[in-house]
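Peer 1: when you get a sec, could you give me coordinates for this:
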Amino acid sequence: MKIRNLLFTLAMAGSLALLAGCNFDGGVEQGRCVAFDPAAKTMTIVVDVTHDQFNPHYSGGVHTFKLPVEAKDMGPAPMVGGRLMIDINKSVVLIYDQASKSVRELPVQFTDVEKNIGADHPKVAGKTFPVVDKEQSSVTVYSARLKALITFKVPAEALDLPPYAWTAGHEMRVAFRNAEKGQAIRIMNVTKTNIFKK
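Peer 2: Alright, predicted model coming up:
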């Protein structure tokens, strides 16, 4: 696990060094995709403040970027979602509120957490999540990052939230120039990209 994290960090550093070698005056942000408009050519992410792929915390700013001018600088199109992270220890779920365009911390009660559930597990493979059970006031989601099938009770008013609220958007990495921070010069779909593939 530590070796994988080190390789991931080195890959990020290498890409930044490459840009720096080209007199790059800019930065890189990474976070969950909460909105994507191919017609308007914009993408919105909630920024991860930890820069740790195994312990991200999506409590940074909500930033909207214009897509790269060149199509070759845009990775696979992202899946969007409002579920930012699940904190089992604190019994909260962070979601993106589309109405207020802000991050919201929702108190929940975890009723079932099945760990070590891979994407090919019979309980997950071919199934559609989230599953909202209004009679039980519960939501069941699958977290690929945690490799866990999780069921939790939510406040009554949260039961009417759309499936979007409980769906995790793809992890996206955006490079930009400081002179024009709202214009992405390169976008990488981290969720869909295996940087360790030979």
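
Peer 1: can you list contacts of the helix or strand harbouring Val113?
Peer 2: Assigned by DSSP states H and E, Val113 belongs to strand 109-115. Applying Cβ atoms under 8 Å, 6 or more residues apart in numbering, the contact partners of strand 109-115 are 88, 91, 123, 138, 140, 146-153. From N, CA and C alone the C-beta is placed, and that goes for glycine too.

Peer 1: now the element after it, going C-ward?
Peer 2: According to DSSP H and E, the helix or strand after strand 109-115 is strand 131-133.

Peer 1: pull the contacting residues for Gly26.
Peer 2: Gly26 neighbours (Cβ under 8 Å, 6+ apart): 19, 175-179, 181, 185.

Peer 1: how near is it to Asp120?
Peer 2: 39 Å (Cβ to Cβ, to the nearest Å).

Peer 1: circling back: and the strand holding Val113, which strands flank it?
Peer 2: Here strand 109-115 has these sheet partners by DSSP bridges: strand 148-153 (antiparallel).

Peer 1: how distant is the partner strand from the center of its chain?
Peer 2: Between the centre of strand 148-153 and the centre of its chain there are 18 Å (Cα atoms, centre = their mean, to the nearest Å).

Peer 1: which helices and strands does the helix or strand following it pack with?
Peer 2: The helix or strand immediately downstream of strand 148-153 is strand 171-177, counting by DSSP H and E. For strand 171-177, the packing partners by 3 or more Cβ pairs under 8 Å, 6 or more residues apart in numbering; DSSP states H and E come out as strand 26-37, strand 42-47, strand 62-66, strand 180-189.

Peer 1: one step back: the strand holding Val113: which residues count as buried?
Peer 2: Residues of strand 109-115 include none that count as buried (16 or more other Cβ atoms under 10 Å).
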